[in-house]
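Chemist: structure, please.
(2 chains)
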Amino acid sequence: MFEKFESGNFDTIVIGAGHAGCEAALATARMGHSTLLLSINLDSIAMLPCNPSIGGTGKGHLVREIDALGGEMGLNIDKAFIQSRMLNTAKGPAVHSLRAQADKNLYHMEMKKVLENELNLDLKQGEVIEILVEDQKVKGVVLSTGSVYYSKTVILATGTYLGGKIFIGGINYESGPNGLAPSKKLTQSLKNIGLHMRRFKTGTPARVDQKTLDFSKMEEQPGDERIVPFSFMNDSLEKEQVPCWLTYTNENTHEIIKENIHRSAMYGGDIEGTGPRYCPSIEDKVVRFADKKRHQLFIEPEGLHTNEMYVQGMSTSLPEDVQVKFYRSIAGLENVKIMRPAYAIEYDCIDPLQLNLTLECKDIEGLFSAGQFNGSSGYEEAAAQGLMAGINASLKMNRKDPFILDRSEAYIGVLIDDLVTKGTNEPYRMMTSRSEYRLVLRQDNADLRLTQKGYEIGLVTKDRYCKFVDKKEKIEEEMKRLKEMIIKPSQVKDLLEKMNEAPLKNSISLYDLLKRPQITYKALEEADNNRENLPIEVIEQCEIQIKYEGYIDKQLKQIEQFKKLEMKKLSTDIDYSKIEGLRIEARQKLDEIKPLSVGQASRISGVSPADISVLLIYLEQQRRRGEKNE
Amino acid sequence: MSDTIAAIATAPGEAGIGIVRLSGEDSIKILDQIFIPTKGKSIKDYSSRRLTHGKIIDPSTKHVIDEVLVTYMKAPFTYTAEDIAEIDCHGGIVPVKKILEIVLRYGARVAEPGEFTKRAFLNGRIDLSQAEAVMDLISAKTDKSFDVALGQLEGSLSKEVKKIRNDILEMMAHITVNIDFPDEDIEEITYHELKEKAKHIYKGIHELLESAQTGRILKEGLSTAIIGKPNVGKSSLMNALLKESRAIVTDVPGTTRDVIEEYVSIKGIPLKIIDTAGIRETEDIVEKIGVERSKQFFNKADLIIFVLNASEPLTDEDQRIMKLLINRQAIVILNKIDLPEVFTKDDIQKILPNKKIIKLSVLSREGMEELENTIVNMVYGGEVKQGEVSFVTNVRHQNALERAISSIKEGIKAIDDGLALDFIEVDIKNTWEYLGEITGDTVGEDVLDTIFSNFCLGK
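Modeler: Numbering: from 1, shown residues only, chains lettered A, B, ... in the order given. As a prediction, the model looks like this:
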């Protein structure tokens, strides 16, 4: 018989201890709120159930931002990485993206340790089966054991556990990721409190046994020589790195896949969830890009203390016997033994249009959510939302203004604005191209953009803040010095000649000389007598700000324009159905989403520029009427 | 519904009838007060949309203002989605002005420029880009402009712009894939490819801009000055052109008292002829070319028609003017060829090698056809063929095109300078967005959709 019993009171309860849940719980606890973090299995805290890496294009930017705000992900990957690479170094600084291979087990253990040592934070194994809501306000949760916990806020971070179902070929069964227990009952409770649920799908490739691979037939992918840490708290990191390996499918592989395509779960029609376009299964790639003779795959270690290796690029929902067959057709994998088969997984999530920019549910006060539950994909996207949900839950409990980052301030702002304003039809992944202000939102300046804010809301530690202030001052001083330091043509004549650069005609500042694309800060050392020995990140900032000043200024001007519409606030009380001139679709969408600004309204699909003109005219009318009444 | 606005819907003095239009909740009430139908007592006896004959009176004096045809149209199925009343009266400035005055006295207010369209737009009848084309439609003065305005309503400009945007989209998708999926097995776009694509985009926008110039001319009229010494036949040429014109539009006094502007339509192209005949003989433009006013006048013109009397020797003044014409759009007329010629076309061609020279006799009409064709060809630049490229008749569109072309130029420069891909993308994307302002399309998932359909990606 199921009996409920009261088990305790907390300020916040976080459901799920994946990347979103960990950041959320740490944020609320660190901001002074008693926090209960619940996980179906404490051995799966901060688990990396898919690729064993953190970062990448856009995602690396998110990790930097999480770190700059006082989150944990950057610090944790710096402890647990086994290979580090800066991607896109041949391109501009805005798209340089950090990515590190993680030792999965170490990543989990380090995060668990941090959680366990956090004051104000209780970690507990348990499955939530019900959310308690009274008068559209969240009250607490009920566990499958009958435990009832009360709280002022609840943060949902259920990942792929919620209604999870695994597909391998024709086989399917209810399961969380990686064979862990799914959360079966919570979805019904969420429906009962009025949330609209939907189903998404994702997949992961097989894990294979390292000793059955022939690396001599693959290309080695080593880490970078200079390791750039993720966290701004780490100046440098030294570590012996392990390589990844590159190999390719071939026509034989494709033949096997095509012959067995009817046995794939995806093509069988059993899967109802929507998957992400950017990680299609191998059968998808073979069918859709039939003229491609080969597809690349990376073999990546899952950790230092395991033989398991991840086969990036080979996610599939084909049956295990077919998996073995086509994996073995690949160079270097001829004798491969699969340790865990590839699978597709379906899970319940919500349409994020039901959320505010604070990630609080519009209809249920105090109920926040983050991560895959909100329709995103990826560890970094989840962590970013978890952090913001945690911060906003804390601020709400302190009756303070919400903390909302806009699209010109952070990728985190882009992520959340996209989700809650535009919604998403597939698991949402961050990419640098999603940002309008990419040149300003660089991974190298995340601290300069966000640490002050993180400090003001109380999440950034004194240590971190002092470090940030010191760096900022050094940059400002050096920029000033470079502007004031005037160089005569004779001083750099030989130097420029050596570099095949045109000589100076007149005296100019070092600042202006550095604008030349080929001239680096380092190269000017001999002509620059008063130079202090500055940290590399300070030099980097000066160089970027000087060299790309023109482009950055242009983007700053665009941001000014953008801010104008963001500053035109819309009350959530506006009855859009009463605004004459708005098209029907726009009225419905605006009523549903209740944007906070005209800027946000302009990004809603179905709201046209003409509707925005109407809104502006409406605001002007309201303003004039208000004036009249005064 | 909002307050009632009224305006004269026809250009003053332009046609045989004048129209006064009202829109707003009191439109019908106002009409009822000032209109006496020929049959029946009140306009309210007639149904909506029915053309009704009667008289407009001034109710205070009971004086009849004009004999008219009126129609009222009930909301919401009207242009503005409000009640509308239309009064068709006799042409000319007096009747329309009088009627407007009375309408205003009985509760309407003067519409602001474009307010009917604004209301139509605010009431959801039309979208922004259509609203602008409608405005142009209203002010279109000649048949050609009318066609252009209509074409734009149907989206011919949109079509051209969308084609260019599509090219940009493909380019952006490739760049984005290279940036956001650096580990994928996809070839990097080369700078050579980038340059080729950017140049192609530049060309497309350039062509549209050229037609934007044409569009302005179509709307505002080609400002044309006829100059020449006294008695060379300027006035008779002007009169001949006016006679050719289907309708003399109006006499609009210019900024200078002495200068009269006349609108004529040459094969559908409006010319705003600056009538130097209106300047007194003693202030003849030839003698007073140095006078500030005349200079401005001369400088302002889009086209100059320089008239020479072929039966009299060239004077110093003629020579001086011809020098001024070297860098201008000009046509030289050798007039009075019915009289014995004292110099030939070749003599003039030597002085002005690139100018079109036309032998003409106003009296015999010889050369008139050639002159008209020459004007038409000059307007269309000899390349822009009628109906092929949509004409941009709106300043906003032209402005967006100008910003787009300057962005793509910067993009080309960034490519030439070998800047990183992500900087080049900024300029390309700006170009795409400026063009999007014309079609009203915003950046959505388009780039991502293109990426995922064109490139094989994924873990």
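Chemist: doesn't A:E255 make contact with A:V322?
Modeler: No - if you go by C-beta atoms under 8 Å, A:V322 and A:E255 don't touch, sitting 11.8 Å apart. Placement of C-beta: from N, CA and C, glycine included.
Chemist: quick one, which of these two is more surrounded?
Modeler: A:V322 (20 against 13; other C-beta atoms under 10 Å in any protein chain shown).
Chemist: just give me the longest helix of the chain.
Modeler: Just going to use chain A. helix A:462-484 (DSSP state H).
Chemist: actually chain B
Modeler: Chain B, longest helix under DSSP H: helix B:191-220.
Chemist: show me what that helix is packed up against.
Modeler: Using 3 or more C-beta pairs under 8 Å, 6 or more residues apart in numbering or on different chains; DSSP states H and E, the elements in contact with helix B:191-220 are helix B:143-153, helix B:156-180, strand B:269-275, helix B:395-416, helix B:421-439.
Chemist: for A:R429, which of those is the nearest?
Modeler: Among the helices and strands packed on helix B:191-220, the nearest to A:R429 by C-beta to C-beta is helix B:156-180 (9.5 Å).
Chemist: anything in the closest one sitting right up against chain A?
Modeler: Yes - looking at helix B:156-180 against chain A by C-beta under 8 Å from any C-beta of the partner chain, the contacts come from B:T176, B:N178, B:I179, B:D180.
Chemist: tell me the SS of the spatially closest residue to the second one that is not a sequence neighbour?
Modeler: Which is B:N178. Leaving out its chain neighbours, the residue that sits closest to B:N178 by C-beta to C-beta, 6 or more residues apart in numbering or on different chains is B:E188, at 5.3 Å. Classification of B:E188 by DSSP: H, G, I helix; E, B strand; the rest coil places it in coil.
Chemist: wait, isn't B:E188 in contact with B:I175?
Modeler: No - look at B:E188 against B:I175 with C-beta under 8 Å: they stay out of range, at 9.6 Å.
Chemist: neighbour count: these two, which is higher?
Modeler: Per other C-beta under 10 Å, whichever of B:E188 and B:I175 has more neighbours is B:I175, with 23 against 14.
Chemist: how much space between the more buried one and B:F298?
Modeler: 49 Å (C-beta to C-beta, to the nearest Å).
Chemist: what of A:E592?
Modeler: A:E592 is 62 Å from B:F298, by C-beta to C-beta.
Chemist: higher neighbour count, those two?
Modeler: More crowded of A:E592 and B:F298, by other C-beta under 10 Å: B:F298, with 19 against 15.
Chemist: what ranges do the strands span in chain B?
Modeler: For chain B, the strands defined by DSSP state E occupy B:5-8, B:17-23, B:35-37, B:52-58, B:63-73, B:84-90, B:109-110, B:222-227, B:251-253, B:260-266, B:269-275, B:303-309, B:330-335, B:356-359.
Chemist: how about the second one and chain A, touching?
Modeler: No - among the residues of strand B:17-23, none lie within reach of chain A under C-beta under 8 Å from any C-beta; the closest is 14.2 Å away.
Chemist: what's in contact with that strand?
Modeler: Contact with strand B:17-23 is made by B:4-10, B:12, B:30-31, B:78-80, B:82-92, B:95-96, B:99-100, B:103, B:108, B:111, B:116, B:119, as judged by C-beta atoms under 8 Å, 6 or more residues apart in numbering or on different chains.
Chemist: ok, of these, which come out buried?
Modeler: Buried members of these, counted by 16 or more other C-beta atoms under 10 Å in any protein chain shown: B:4-10, B:30-31, B:78-80, B:82-89, B:91, B:95-96, B:99-100, B:103, B:108, B:111, B:116, B:119.
Chemist: show me the shaky parts of the stretch 101-250 of chain B.
Modeler: B:112-114, B:118, B:121-122, B:124, B:126-157, B:212-222, B:242-250 (pLDDT under 70).
Chemist: go again with 80.
Modeler: B:101, B:109-159, B:210-223, B:228-236, B:238-250 (pLDDT under 80).
Chemist: re earlier: lowest average confidence across the strands of chain B, which one?
Modeler: Across the strands of chain B, strand B:251-253 has the smallest mean pLDDT, namely a mean of 33.
Chemist: next, count neighbours for the nearest residue to A:A410 once chain neighbours are set aside.
Modeler: Excluding the flanking residues, the one nearest A:A410 by C-beta to C-beta, 6+ apart is A:E65, at 5.1 Å. By the criterion of other C-beta under 10 Å, A:E65 has 31 neighbours.
Chemist: hmm, A:E65 is touching A:E381, no?
Modeler: No - assessed by C-beta under 8 Å, A:E65 is found out of contact with A:E381, at 11.5 Å.
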